[in-house]
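Novice: fold the following, please.
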Amino acid sequence: MTIDSTALNTALARVVDPETGRDLGASEALKNLQIHDGDVSLDVELGYPAATLIPALRRALVAAARAVPGVDNVSVTITSRIPSHSARPGVQPLAGVRNVIAVGSGKGGVGKSTTAVNLALALAAEGARVGILDADIHGPSLPMMMGIEARPESVDGKTMEPLENYGVQVISIGFLIDADDAMVWRGAMTTQALEHLLRQTNWHDLDYLVVDLPPGTGDIQLTLAQRVPLAGAVIVTTPQDVALIDARKAVKMFEKVGVPVLGVVENMAVHVCSRCNHVEHIFGADGGKRMAADFGLDYLGALPLAMQIRLQTDGGHPTVVADPDGELAGIYRNVARRVAVGLADRARELARFPTITISETT
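Specialist: Modelled structure (predicted):
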């Protein structure tokens, strides 16, 4: 029986991407459809890393193809092609880095660094090549959180090789100083140190570089926004009003410098007693969700106030690698995919934007 190629195309195009909610036809993800007798092969190209979702998506495509008369065997190859994106055209790109994502909070103590580390590890777990940079010059925490005790090497005496653990490339001022040393530096020196870490690290073919910002909206944040090709920012907050005040300022800062905010992560959203399972909103309920709605931002997800997150991160084994199949790791992976999809959508929209040429007429 001859396979109706139009019917097959239509059936496959109607399969829905479980992460974006769009069918594959609308997202233009279907590629290289081939038919030979009763055998069908096709490629699917996603714009974001999605290792967790690939098995289910493949099953859906196989089922859709086999529903078409004449189809016997179906071969599906699913890959991710992560596009480069910068919110500020004209800014010098970072060598070896496609997308730079800033993670900020405005206020300290809301779990921003923990979120940044697990976001980076979750992106890597989904199949991306990822690095993370500790931009908190005065209070570096990534060496402990990522379980690394070493100093970067330099091959040429001018640049540094990033250290690596759990498949993620890492750089921090904490690798270059003793753990008890205090960085008693003024603003100009801290921004110079940040640029050194960014520009003189040999990043190796990264899809994403996650930058863990210090609290506040000062020199470090402005330097990063103005001199680095940021693709977007993620805001971390707790539901507490005191934290939300500064988180809103962080959103406004990124808006002023033209960096899109990809969404809000609500940390310590709820506490569940480990003994009696009593649920308590210690820092208030849904404050981050309301803030996201106020600004028209994507609410990326909520993490509980859980002792195991703190213990795992303090021990150098963050949740995504300490318990990769657990519920909390699943939340981080969901957040990571939503961030990646947000970036992919922005890159796709810009690629479709028409080029406007203005010429003088006489």
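
Novice: all strands of the stretch 201-350 of the chain, in order?
Specialist: 206-212, 230-237, 261-266, 271-272, 279-280, 299-302 (DSSP state E, counting those that start in this stretch).

Novice: what distance separates the longest one from the centre of its chain?
Specialist: This points to strand 230-237. Centroid displacement of strand 230-237 relative to its chain, using Cα atoms, centre = their mean, to the nearest Å, is 9 Å.

Novice: who does it pair up with?
Specialist: Using DSSP bridges, strand 230-237 pairs in its sheet with strand 97-104 (parallel), strand 261-266 (parallel).

Novice: Serialize those to JSON lines and add fields for mean neighbour count.
Specialist: For glycine as for every other residue, the C-beta is placed from the backbone atoms N, C-alpha and C. Below are the strands paired with strand 230-237 laid out as JSON lines (neighbours: other Cβ atoms under 10 Å):
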{"stretch": "strand 97-104", "mean neighbour count": "26"}
{"stretch": "strand 261-266", "mean neighbour count": "26"}
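
Novice: just put these in CSV and tack on mean pLDDT and distance to residue 244.
Specialist: Listed next are the strands paired with strand 230-237 as CSV, based on pLDDT from 0 to 100; distance: least, Cβ to Cβ, whole Å:
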stretch, mean pLDDT, distance to residue 244
strand 97-104, 95, 14
strand 261-266, 96, 10
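
Novice: output these in CSV; the columns should cover distance to residue 282.
Specialist: Formatted as CSV, those follow (distance: least, Cβ to Cβ, whole Å):
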stretch, distance to residue 282
strand 97-104, 23
strand 261-266, 13
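
Novice: re the thing from before, could I get the strands of the stretch 201-350 of the chain as TSV with distance to residue 137?
Specialist: Converted to TSV, the strands of the stretch 201-350 of the chain look like this (distance: least, Cβ to Cβ, whole Å):
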stretch	distance to residue 137
strand 206-212	11
strand 230-237	18
strand 261-266	23
strand 271-272	32
strand 279-280	36
strand 299-302	27
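
Novice: so which of these comes closest to residue 341?
Specialist: Residue 341 sits nearest to strand 261-266 of all the strands of the stretch 201-350 of the chain, at 9.4 Å, using Cβ to Cβ.

Novice: who touches the closest one?
Specialist: Contact with strand 261-266 is made by 101, 115, 232-239, 247, 251, 254-255, 286-289, 291-292, 295, 297-303, 335, 338-339, 342-343, as judged by Cβ atoms under 8 Å, 6 or more residues apart in numbering.

Novice: that older thread, wait, which of the strands paired with strand 230-237 is closest to residue 226?
Specialist: When these are compared by Cβ to Cβ, strand 97-104 sits nearest residue 226, at 12.1 Å.

Novice: and that closest one, how far out from the chain middle?
Specialist: Distance, centroid of strand 97-104 to centroid of chain: 8 Å (Cα atoms, centre = their mean).
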